[in-house]
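Chemist: Generate coordinates for the sequence data below:
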Amino acid sequence: MINFLKYRLIYCFLSILVISVGLFSIFKWGFNYSIDFTGGTSLDYLFDKKINEQKIEKILKDSKVEIIDLKIKEKSLSLKAKPIKQEEELKIKNSFEKKLKLKITVLKSETVGPVLGKETIKKTIIVCFLAMIGILFYIGFAFKGFNYAMAAILAMLHDFLVLIGSYSLISHFFGAEFDLMFVTTVLTTMSFSVHDTIVIFDKIREYFKTELADIEYFANKALTETMVRSINNSMTIIFMLVSLYLMGGGTIKFFVLALLIGTITGTYSSPFVATPILVWLEKRKKINESN
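Modeler: Okay, here's the model as predicted:
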């Protein structure tokens, strides 16, 4: 049996370090929000020949488009702007085709109003909150112990902070957008984290029924027996995500990267965050009961 909990202070230091860097990034730079949250129009055009960047900017300026972000490559354009009506968008497209003498293939064209953007933010917060409350009650009921539920929730909160902090850094340095796909990643990471945690906690609960020992002994035994299975399970997911990141298109690149971060931190938090917290809470409970 391996004494994993012997190095709990190292796990704590690593978690605090990663979370601190992420929180610094959130408060310093924040996120690059997509139009799902801010409201606006997003256009992706593909041209049949190379384009002149200055001419594109002039046409947009003449059309009085309030640009939020503009990315122009040799034969493509990605535009984010304040909400543009469908008729105005059609005029812009026609202006490009007539003045630049080219043909346009519309890859994406969507408009989200500011009211809908605020509603999306509210719904996202509510969904995350309800997920945490549901998991808290489920684990508390299944294991008949508040400490099990609290340890799982704190580990899930750890994963949440690591993921959003890391994504803030990616958003600042690489231009990743905080969109609904990232919200999906957050919820997936939360469920993945709890899944591994439940397996370990269930092992610990079984040992209490058949053996006489303290919680730390059972925790180390559970980690020793489940560690290889947990890593093997996670590696199959990681290999798939790495392949998808390398071979997938640019539209899902940051979504896959966020899933990869979530998978790694979820695999880490179950044995090295949730379990040490459970041991600490149970020992604290035993001391209070003896007093």
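
Chemist: Mind checking what secondary structure the residue nearest the centre of the chain has?
Modeler: Nearest residue to the geometric centre of the chain (C-alpha atoms, centre = their mean): residue 186, 3.8 Å. The three-state label given to residue 186 by DSSP: H, G, I helix; E, B strand; the rest coil is helix.

Chemist: isn't it right next to residue 128, touching?
Modeler: Yes. Using C-beta atoms under 8 Å, residue 186 makes contact with residue 128 at a distance of 6.8 Å. Using the backbone N, CA and C atoms, a C-beta is placed for each residue, glycine as well.

Chemist: Can you check the pLDDT for the residue nearest to the centre of the chain?
Modeler: You'll see residue 186 listed with a pLDDT of 87.

Chemist: Contacts only, for it.
Modeler: Contacts for residue 186 (C-beta atoms under 8 Å, 6 or more residues apart in numbering) come out as 128, 160, 163, 164, 262.

Chemist: In the chain, which helix is the longest?
Modeler: Determined from DSSP state H, the single longest helix within the chain is helix 215-247.

Chemist: which residues touch the nearest residue to residue 264 once chain neighbours are set aside?
Modeler: The spatially closest residue to residue 264, leaving aside those adjacent along the chain, is residue 238, at 7.1 Å (C-beta to C-beta, 6 or more residues apart in numbering). By C-beta under 8 Å, 6+ apart, the contact list for residue 238 reads 260, 263, 264.

Chemist: swap in residue 259?
Modeler: The contact partners of residue 259, by C-beta under 8 Å, 6+ apart, come to 185, 188, 189, 241.

Chemist: ok, which pair from those residues is furthest apart?
Modeler: Across those, no pair lies farther apart than 189 and 241, at 12.1 Å, counting by C-beta to C-beta.

Chemist: Walking through this structure, point out its strands one by one.
Modeler: 32-33, 40-47, 67-72, 76-81, 104-112, 177-178 (DSSP state E).

Chemist: other SSEs contacting the first one?
Modeler: Counting contacts by 3 or more C-beta pairs under 8 Å, 6 or more residues apart in numbering; DSSP states H and E, strand 32-33 packs against strand 177-178.

Chemist: I'd like to know which of the strands of the chain lies nearest to residue 234.
Modeler: strand 177-178 (25.2 Å).

Chemist: on contacts alone, who are the packing partners of the closest one?
Modeler: Applying 3+ C-beta pairs under 8 Å, 6+ apart, we find strand 177-178 packed against strand 32-33, helix 146-174.

Chemist: can you give me the angle the last one makes with helix 215-247?
Modeler: Put plainly, it is helix 146-174. 30 degrees (axes from the mean of the first three to the mean of the last three C-alpha atoms, to 10 degrees).

Chemist: quick check: mean pLDDT across helix 146-174?
Modeler: Mean predicted confidence for helix 146-174 is 92.

Chemist: Can you give me the buried ones in it?
Modeler: For helix 146-174, the neighbour count (16 or more other C-beta atoms under 10 Å) marks 147-153, 155-172 as buried.
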